[in-house]
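Trainee: Next input, structure requested:
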Amino acid sequence: MTAATPSPPPPADAAAHVVAVHGNGGGAERFARAAPLMPDDVALHPITLPGFGGRPADPDVVTLRDHAQALGALAAPVPRPRLLLGHGIGGSLILELLQSEPDVADGIILHAPVGADLDARVVPRLLRERPWLADALRRAIAARPLRPLLARAALTGPVPAEHRDALFEGYRRAASFALMWRLLDPAWFEALRPVARPAALLWGERERVLDVRQVRAFTGLLPGAAVRTVPGWDHFPMLDQPQAWADEVAALARVLVAAHAPADAPSVAGEEPR
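Mentor: Here you go, the predicted model:
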């Protein structure tokens, strides 16, 4: 496999620092195309959770709360104002983290998070009840012969080979892929309390697995959240439309930082989400 080229370190003096948390089967490499395209005033800090991206699963990180606390420990060194951005299960873990540690974030962006309709969707239920099936799915996604077909189904535009292969290789190295399907269940989602933080929900209108209609299930958890649905996006715009994704995230980050700032503090310049 050809590894994706590492991104340069983000600027420490940015007006907003965004901790980017990957979805299931991924790692920090999912943000490698978009990170260099962020504007100078918004820094992206991709992280890789234990059990993903080739990182060994931690035997002490077992429950959903354990994974959320591991996320919190990785985010803590990032400068403020600190925003947490979660894609897929990354958004789910952010919601779990803020149940016990709300001060870890000055704002949050959830990009197509997982949690809604888990009791009604057949595939999540099957993968939750049959871990062997979840592992078989992970292996199938990672299989080289299937990658061209899966790329055509999952990506909306051309992606350089190194980044496309890194996407699928991530599933092969995701030791905690099946575990996440077991931990994220309907009872967990129903028990979540609303989060009092400046927030935004980001969704692609072409999302098929995490349908854009699921956004309604999250608005009650994020009172006053900005909702941005983007035409033409499916599940991986940070890979297949990286400039557009970077622009959207930066615009939302500026608004959230301004919302978090004290009333007498200077505002952060930037446009409202489109």
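Trainee: all strands for the stretch 101-250 of the chain, in order.
Mentor: 107-111, 199-204, 226-230 (DSSP state E, counting those that start in this stretch).
Trainee: helices and strands of the protein: which one bottoms out on pLDDT?
Mentor: helix 122-129 (a mean of 90; mean pLDDT, DSSP states H and E).
Trainee: for that one, packing partners?
Mentor: With contacts defined as 3 or more Cβ pairs under 8 Å, 6 or more residues apart in numbering; DSSP states H and E, the packing partners of helix 122-129 are helix 131-142, helix 177-183. No exception for glycine: its C-beta is placed from N, CA and C like everyone else's.
Trainee: Can I get the first one as CSV, trimmed to CA atoms?
Mentor: Right, helix 131-142. C-alpha atoms of helix 131-142 as CSV (Å, rounded to 0.1, in the frame of the first residue of the first chain):
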residue,chain,number,x,y,z
PRO,A,131,-19.9,-9.6,15.5
TRP,A,132,-18.6,-12.2,13.0
LEU,A,133,-20.7,-10.5,10.3
ALA,A,134,-19.3,-7.1,11.2
ASP,A,135,-15.7,-8.5,10.9
ALA,A,136,-16.6,-10.1,7.6
LEU,A,137,-17.9,-6.8,6.3
ARG,A,138,-14.7,-5.1,7.4
ARG,A,139,-12.6,-7.6,5.5
ALA,A,140,-14.7,-7.3,2.4
ILE,A,141,-14.4,-3.5,2.3
ALA,A,142,-10.6,-3.9,2.7
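Trainee: For that helix, what is the distance to the chain centroid?
Mentor: 21 Å (Cα atoms, centre = their mean, to the nearest Å).
Trainee: Could you point out which residue ranges in the stretch 151-274 of the chain have low pLDDT?
Mentor: Scanning the stretch 151-274 of the chain with the threshold set as pLDDT under 70 gives 261-274.
Trainee: which residues in it form helices?
Mentor: 161-172, 177-183, 186-191, 215-219, 237-240, 242-260 (DSSP state H, counting those that start in this stretch).
Trainee: export those to JSON lines and tack on mean neighbour count and distance to residue 123?
Mentor: As requested, the helices of the stretch 151-274 of the chain are exported to JSON lines (neighbours: other Cβ atoms under 10 Å; distance: least, Cβ to Cβ, whole Å):
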{"stretch": "helix 161-172", "mean neighbour count": "20", "distance to residue 123": "16"}
{"stretch": "helix 177-183", "mean neighbour count": "22", "distance to residue 123": "9"}
{"stretch": "helix 186-191", "mean neighbour count": "13", "distance to residue 123": "14"}
{"stretch": "helix 215-219", "mean neighbour count": "17", "distance to residue 123": "17"}
{"stretch": "helix 237-240", "mean neighbour count": "27", "distance to residue 123": "22"}
{"stretch": "helix 242-260", "mean neighbour count": "22", "distance to residue 123": "26"}
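Trainee: Compare those helices and report which one is nearest to residue 105.
Mentor: helix 242-260 (9.3 Å; Cβ to Cβ).
Trainee: so how far is the closest one from its chain's centroid?
Mentor: So, by Cα atoms, centre = their mean, the centroid of helix 242-260 is 14 Å from its chain's centroid.
Trainee: what do you get for stretch 47-65?
Mentor: 15 Å.
Trainee: Now it: buried residues?
Mentor: Residues 47, 48, 49, 50, 51, 52, 53, 55, 61, 64, 65 are the ones in stretch 47-65 that count as buried (16 or more other Cβ atoms under 10 Å).
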